[in-house]
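Undergrad: Sequence below, structure please.
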Amino acid sequence: MIGSNPIFSTDNPKSLKSSILTAFQFDNSAISLPVEKSDGKNFRKANRVKTDSVFEKKSTQSVKSEKYSYKNGSKIDGDPQHEAQKMRHSRSTFGFMDIPELPYTIPRLIKGRVITKIPAGTTLEKEIAKQRWYIEFFFHNALKERMERIRVTRNLNRIKDPREKLRNFNHLCEAYHIALQGGWNPLDENANARLKKEIIGINLDESLVLFESYHKAKGTRPKSMSTYLSTLNAFVKFYGGERKVSTISDYEITDFLNTKEREEKWAGVTYNNCRIALNNLFRYLKVNKYVPENPVTDAETRKKMRTESHQVFSERDFKIIMEWLDKHDKYCQLFVKMIYYTCIRPKELRFLKLKYIDLEENLITIPGTVSKNRKPIPVNIDVSLKVELEKLNLSNFPEESFLLGSPITFVSDKMCAENFAYNRFQKCLEANNLTEKKYTLYSFKHLSNVRKFKAGWTIAEICSANRHSSISETDTYLKELLKVVFSDKAVPAI
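TA: Modelled structure (predicted):
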């Protein structure tokens with residue numbers, strides 16, 4: 001876990017001064033803490049603290065064997081009780097209950113055991129370099145409520161040259177010290193990942209790549225993704241792709257929205273849709289710890305004006321359209337009848353295969369991969385529509401065939417083009433001088449729901465027929481439709 005962190009690189013152009021030969025003695029380097037000295041006879045290594053009793057026992061034995069303390073680099077006799085008390089005090093630094101002011105101790109270089117004998121033909125520094133060196137420090141474990149010892153070598157003991165080994169270990173020690181000061185946690189990789197994102201950060205270009213990849217994996221509809229990217233690309237162009245996402249505040253969001261609204265004369269719905277796209281982007285960045293807060297949260301919204309497209313047919317216009325289609329375009333007529341009787345969306349009809357149509361059970365199931373709400377919810381086949389479908393002799397075709405794939409045979413092994421039915425319907429509107437009325441294929445779905453409501457269908461029944469996610473969604477949908485519906489019933493007389 002520790003050794004694999006790329007932050008700890010020992011490459012450093014600094015050269016080792018040739019005069020620092022004393023660094024190979026057992027005391028620490030200049031950037032390390034002092035290490036306990038010994039006369040070599042009763043050398044005591046740093047041990048893990050297991051229990052208070054064991055620690056005090058070892059501390060007392062050590063004090064008895066060597067009655068000394070360090071003062072100005074010299075060895076003097078000391079009081080055993082005073083030494084034991086001082087050791088117990090240092091023990092509390094790594095206690096199980098006390099949390100230190102800093103969660104770590106300063107890393108230090110440990111150079112192995114004391115060399116008491118130098119073989120012929122070698123030197124003291126070479127013998128010291130043969131020992132197993134390591135960097136040691138303690139870090140507070142919040143879960144266990146104690147300091148834990150960390151020892152690392154980064155495979156530097158493979159170095160045989162004494163001076164090169166010392167230089168690399170000193171660099172490693174300094175690197176760990178800097179990392180700990182910067183907030184690195186050797187016991188929590190998740191915290192380190194968050195720290196890395198906060199320090200390094202990503203720019204707007206990189207955020208778009210991550211955001212798009214996320215939505216592709218999530219299964220977001222291509223049309224929705226295209227709408228998001230259209231808005232977000234404009235935002236990136238406005239501030240520049242190299243701009244760090246962590247520098248975007250609510251001021252930048254508001255400035256962008258207001259500028260575009262003013263220069264491009266945005267309608268309220270366009271303003272709100274752009275705000276939604278930005279909110280989705282920065283919500284994703286916040287969840288993934290690239291930004292601490294979502295700067296879009298407090299941005300203004302605009303009052304939505306009712307859209308003029310997808311208008312509900314008047315009874316007169318509907319009659320004209322259906323009569324024209326019956327004479328000139330049987331394919332488009334069946335297409336719009338499917339919408340009217342089932343409330344299936346035009347895109348879903350393009351993907352509808354025969355295997356999803358069950359005439360025995362009077363059900364059509366739109367697969368989740370095609371459905372707008374990603375749920376395979378069945379739709380009832382009305383009696384009038386069933387008559388139309390039975391004329392096609394669907395059982396004579398492979399179940400993988402598309403119901404509305406061909407304008408000639410209707411059923412085909414190929415899917416029709418994306419705007420095929422739409423373009424044919426536009427010819428109908430043009431032929432009857434109805435292009436200014438803002439009618440679309442969705443107008444058939446809207447008229448169907450208005451007639452259902454006027455015929456006494458409950459909101460729950462209309463909700464089920466349209467495969468809405470909730471009754472409140474249906475209620476909002478009907479409120480918009482019924483604004484243009486007028487009753488032909490007489491007002492009761494006074």
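Undergrad: CA atoms for contacts and neighbours, from now on please.
TA: OK.
Undergrad: Check what pLDDT residue 182 gets.
TA: Reported pLDDT at residue 182 in the predicted model: 74.
Undergrad: and it, what does it touch?
TA: Listed by C-alpha atoms under 8 Å, 6 or more residues apart in numbering, residue 182 has no contact partners.
Undergrad: Distance check, it against residue 244.
TA: 21 Å (C-alpha to C-alpha, to the nearest Å).
Undergrad: Measure how buried residue 111 is and give me the count.
TA: 23 (other C-alpha atoms under 10 Å).
Undergrad: mind listing the strands for the stretch 251-400 of the chain?
TA: Listed in chain order, the strands of the stretch 251-400 of the chain (DSSP state E, counting those that start in this stretch) span 357-358, 363-365, 378-380.
Undergrad: Can you lay out those strands as TSV showing mean neighbour count?
TA: What follows is the strands of the stretch 251-400 of the chain, written out as TSV (neighbours: other C-alpha atoms under 10 Å):
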stretch	mean neighbour count
strand 357-358	17
strand 363-365	19
strand 378-380	18
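Undergrad: Redo those as CSV? Include distance to residue 223 and mean pLDDT.
TA: Formatted as CSV, those follow (distance: least, C-alpha to C-alpha, whole Å; pLDDT from 0 to 100):
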stretch, distance to residue 223, mean pLDDT
strand 357-358, 26, 94
strand 363-365, 22, 92
strand 378-380, 24, 91
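Undergrad: Need the ones you listed in JSON lines (columns: distance to residue 456).
TA: As requested, these are exported to JSON lines (distance: least, C-alpha to C-alpha, whole Å):
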{"stretch": "strand 357-358", "distance to residue 456": "27"}
{"stretch": "strand 363-365", "distance to residue 456": "23"}
{"stretch": "strand 378-380", "distance to residue 456": "18"}
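Undergrad: Quick check: which of these is nearest to residue 340?
TA: strand 378-380 (12.2 Å; C-alpha to C-alpha).
Undergrad: What is the closest one packed up against?
TA: Here strand 378-380 touches strand 363-365, going by 3 or more C-alpha pairs under 8 Å, 6 or more residues apart in numbering; DSSP states H and E.
Undergrad: Pull the residues that contact the strand it packs on.
TA: So strand 363-365 is contacted by 356, 357, 358, 376, 377, 378, 379, 380, 381 (C-alpha under 8 Å, 6+ apart).
Undergrad: closest to residue 468 among those?
TA: Set against residue 468, the nearest of the contacts of strand 363-365 by C-alpha to C-alpha is residue 377 (10.0 Å).
Undergrad: What separation is there between the nearest residue to the closest one once chain neighbours are set aside and residue 493?
TA: Once flanking residues are discounted, residue 377 sits nearest to residue 365: 5.9 Å by C-alpha to C-alpha, 6 or more residues apart in numbering. Residue 365 is 49 Å from residue 493, where distance means C-alpha to C-alpha.
Undergrad: now do residue 280
TA: For residue 280, the distance to residue 493 equals 55 Å [C-alpha to C-alpha].
Undergrad: And the two? Which one has more around it.
TA: The neighbour comparison of residue 280 against residue 493 (other C-alpha under 10 Å) goes to residue 280, with 15 against 4.
Undergrad: give me the number of residues near the closest residue to residue 386 other than its chain neighbours?
TA: Of all residues not flanking residue 386 in the chain, residue 359 sits nearest, at 7.3 Å (C-alpha to C-alpha, 6+ apart). Neighbour count for residue 359, taken as other C-alpha under 10 Å: 14.
Undergrad: Of the strands of the stretch 251-400 of the chain, give the one that comes closest to residue 434.
TA: The nearest among the strands of the stretch 251-400 of the chain, by C-alpha to C-alpha, is strand 378-380 at 30.9 Å.
Undergrad: what's that closest one in contact with?
TA: 342, 362, 363, 364, 365, 366, 465.
Undergrad: Repeat that for stretch 291-303.
TA: The contact list for stretch 291-303, computed with C-alpha under 8 Å, 6+ apart, reads 198, 245-246, 248-250, 253-254, 268-269, 271-272, 275, 278-279, 282-283, 285-286.
Undergrad: ok, now with 6 Å
TA: By C-alpha atoms under 6 Å, 6 or more residues apart in numbering, the surrounding residues in contact with stretch 291-303 are 246, 249, 250, 268, 272, 279, 282, 283, 285, 286.
Undergrad: buried set for stretch 427-437?
TA: For stretch 427-437, the neighbour count (16 or more other C-alpha atoms under 10 Å) marks 428, 429, 434, 437 as buried.
Undergrad: that's a strand at the second one, yeah?
TA: No. The secondary structure assignment for residue 429 gives helix rather than a strand, going by DSSP: H, G, I helix; E, B strand; the rest coil.
Undergrad: quick one: it and residue 435 touch, right?
TA: Yes. Shown here, residue 429 and residue 435 form a contact pair, counting by C-alpha atoms under 6 Å, at 5.4 Å.
Undergrad: Sketch out the low-pLDDT regions of the stretch 251-400 of the chain for me.
TA: Along the stretch 251-400 of the chain, the parts satisfying pLDDT under 70 run over 304-309.
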